[in-house]
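Visitor: sequence first, predicted model second:
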Number of protein chains: 2
Amino acid sequence: MKLSTKGRYAVMAMVDLSRHAQNKPVSLSDIASRQEISLSYLEQLFARLRRAGLVKSVRGPGGGYRLARGADEIRVSEIILAVDEPITATRCADLGGVGCRTDRSKCLTHDLWEELGNQIHLFLSSVTLQDVLDRKIGPRLELAPVLPAGVGGSMAVS
Amino acid sequence: MKLSTKGRYAVMAMVDLSRHAQNKPVSLSDIASRQEISLSYLEQLFARLRRAGLVKSVRGPGGGYRLARGADEIRVSEIILAVDEPITATRCADLGGVGCRTDRSKCLTHDLWEELGNQIHLFLSSVTLQDVLDRKIGPRLELAPVLPAGVGGSMAVS
DNA sequence: ACTAAATCCGAGTCAATTGCTTGGTTTTTC
DNA sequence: GAAAAACCAAGCAATTGACTCGGATTTAGT
């Protein structure tokens, strides 16, 4: 799973959409001005979100977008998968990576990346739009074995 | 924390280094041929790793690199932080992001990204080079009981 | 002292991606 | 029929990733 600002914009927009959902659909220009994202860029993102079946569109004046499902049925991971390009298969990425088979030592890191991907997906799948709206995000995972502290450093994900 | 193939290359190289560590230091050309990474690119990565204090260099023929500490004392997160550029402060990223203050609804996603960053860092900090060598990577984290959508109080956010 | 192995260093390249802009077309409501 | 909206396609500037090129410096061996 690729993590980029593109995915963040999409999530921001989807949160905005579910937050301002009334009877009327929400227009992209509303979202654009509220979230300070360019309208055309939003159009591109929502084209993908629509193709992924996460939103429905209503054309014509007074139109806009609606969530295709309830906010509690849409997971953040779905949004990010919808807008981000699929993972570019790196050197030894997915199935049958050449280097993986030939020299197994070359891919000692394979398991590591795979497990990291699992962790990220697990986390983002555990959060729905409704959770974000309700600010229910908090520390949810626990480490099994623990390490001496002090490895700190500021973090962020891009 | 930025996740790119750059960090992966660095981890691959560091794993290779610790795997082939004998009395003699390991030359980059050895790593380059084993891991199929370009030598010059490796040089750039190791310049950063050295500046970060993760490896020590020995110049001259027969020279190369050594781990600055034991493989069980180097965490994967350190390697990635060493080679990847620091986070580009996005729209509402770190402290004092403008949009965060003015319109709090704009940053409902803030906690989400922050917590995701925590998760990633937590995971990568829990894995040492030695763990990768020993193939000790496996599912290590467990989801805390998922919050029932409607029920219960708010989560503690630290 | 000479050579060669290695680390160091800085610049440049090339393709992909991001976040946008421009300029439309269609659909639909009033 | 005018205007609001979704749609669509092309292009573009800046950045980054993964390199290459061309050296320079250090040092072990002879």
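Guide: That came through fine.
Visitor: contact partners for the most centrally placed residue in chain A?
Guide: By Cα atoms, centre = their mean, chain A has its centre lying nearest to A:Ile80, at 2.6 Å. Neighbour list for A:Ile80: A:Met1, A:Lys2, A:Leu3, A:Gly7, A:Ala10, A:Val11, A:Leu124 [criterion: Cβ atoms under 8 Å, 6 or more residues apart in numbering or on different chains]. No exception for glycine: its C-beta is placed from N, CA and C like everyone else's.
Visitor: so which of these wins on neighbours?
Guide: Ranked by the number of neighbours (other Cβ atoms under 10 Å in any protein chain shown), those place A:Ala10 first, at 24 neighbours.
Visitor: how near is that one to A:Leu81?
Guide: Separation of A:Ala10 from A:Leu81 (Cβ to Cβ, to the nearest Å) stands at 10 Å.
Visitor: assign a three-state SS to A:Arg66, would you?
Guide: In three-state terms, and counting by DSSP: H, G, I helix; E, B strand; the rest coil, A:Arg66 is strand.
Visitor: circling back to that earlier point, contacting chain B as well, which ones from the contacts of A:Ile80?
Guide: Filtering those for proximity to chain B by Cβ under 8 Å from any Cβ of the partner chain leaves A:Leu3, A:Val11, A:Leu124.
Visitor: looking at those residues, which is nearest chain B?
Guide: A:Val11 (5.4 Å; Cβ to the nearest Cβ).
Visitor: the helix or strand containing the closest one packs against which elements?
Guide: Using DSSP states H and E, A:Val11 sits within helix A:5-19. Applying 3 or more Cβ pairs under 8 Å, 6 or more residues apart in numbering or on different chains; DSSP states H and E, one finds that helix A:5-19 contacts helix A:28-35, helix A:39-51, strand A:64-67, helix A:76-83, helix A:129-133.
Visitor: run through the residues of chain A sitting next to DNA strand D.
Guide: With Cβ under 7 Å from any atom of the strand as the criterion, chain A meets DNA strand D at residues A:27-29, A:40, A:43-44, A:46-47, A:50, A:57-65, A:90.
Visitor: make a PyMOL selection of the buried ones in the residues you listed.
Guide: The buried residues among the residues of chain A next to DNA strand D can be selected in PyMOL (16 or more other Cβ atoms under 10 Å in any protein chain shown) with this line:
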select buried, chain A and resi 27+28+46+64+65
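Visitor: after the helix or strand bottoming out on mean pLDDT in chain A, which helix or strand is next? Please name it.
Guide: The weakest-scoring helix or strand in chain A, judged by mean pLDDT, DSSP states H and E, is helix A:98-102 (a mean of 47). Proceeding N to C from helix A:98-102, the next assigned helix or strand is helix A:110-125, under DSSP H and E.
Visitor: ok, A:Gly53 to chain B distance?
Guide: 21 Å (Cβ to the nearest Cβ, to the nearest Å).
Visitor: equivalent analysis for A:Leu133, please.
Guide: The value you get for A:Leu133 to chain B, if Cβ to the nearest Cβ is used, is 7 Å.
Visitor: neighbours of that residue, how many?
Guide: A:Leu133, neighbours per other Cβ under 10 Å, totals 15.
Visitor: list the residues that contact it.
Guide: Counting by Cβ under 8 Å, 6+ apart, A:Leu133 touches A:Val15, A:Ser18, A:Arg19, A:Ala71, B:Leu108.
Visitor: does the fourth one touch A:His20 like I think?
Guide: Think A:Ala71. No. Under the criterion of Cβ atoms under 8 Å, A:Ala71 makes no contact with A:His20, lying 11.5 Å away.
Visitor: who wins for neighbours among the contacts of A:Leu133?
Guide: If you count neighbours using other Cβ under 10 Å, the busiest of these is A:Val15, which has 25 neighbours.
Visitor: dump the residue contacts of it.
Guide: Counting by Cβ under 8 Å, 6+ apart, A:Val15 has contacts A:Leu129, A:Val132, A:Leu133, B:Leu108, B:Thr109.
Visitor: before we move on, the earlier item: make JSON lines out of the contacts of A:Leu133 and add pLDDT.
Guide: Shown next, in JSON lines, are these (pLDDT from 0 to 100):
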{"residue": "A:Val15", "pLDDT": "92"}
{"residue": "A:Ser18", "pLDDT": "93"}
{"residue": "A:Arg19", "pLDDT": "91"}
{"residue": "A:Ala71", "pLDDT": "93"}
{"residue": "B:Leu108", "pLDDT": "75"}
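Visitor: could I get stretch A:118-127 in PDB with only the CA atoms?
Guide: C-alpha atoms of stretch A:118-127 as PDB (Å, rounded to 0.1, in the frame of the first residue of the first chain):
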ATOM      1  CA  ASN A 118       0.200  -6.000   6.600                       C
ATOM      2  CA  GLN A 119       0.500  -3.700   9.600                       C
ATOM      3  CA  ILE A 120      -0.400  -0.600   7.600                       C
ATOM      4  CA  HIS A 121      -3.300  -2.200   5.900                       C
ATOM      5  CA  LEU A 122      -4.500  -3.600   9.200                       C
ATOM      6  CA  PHE A 123      -4.500  -0.200  10.800                       C
ATOM      7  CA  LEU A 124      -6.100   1.600   8.000                       C
ATOM      8  CA  SER A 125      -8.700  -1.100   7.600                       C
ATOM      9  CA  SER A 126      -9.600  -0.700  11.200                       C
ATOM     10  CA  VAL A 127     -10.600   2.900  10.800                       C
END
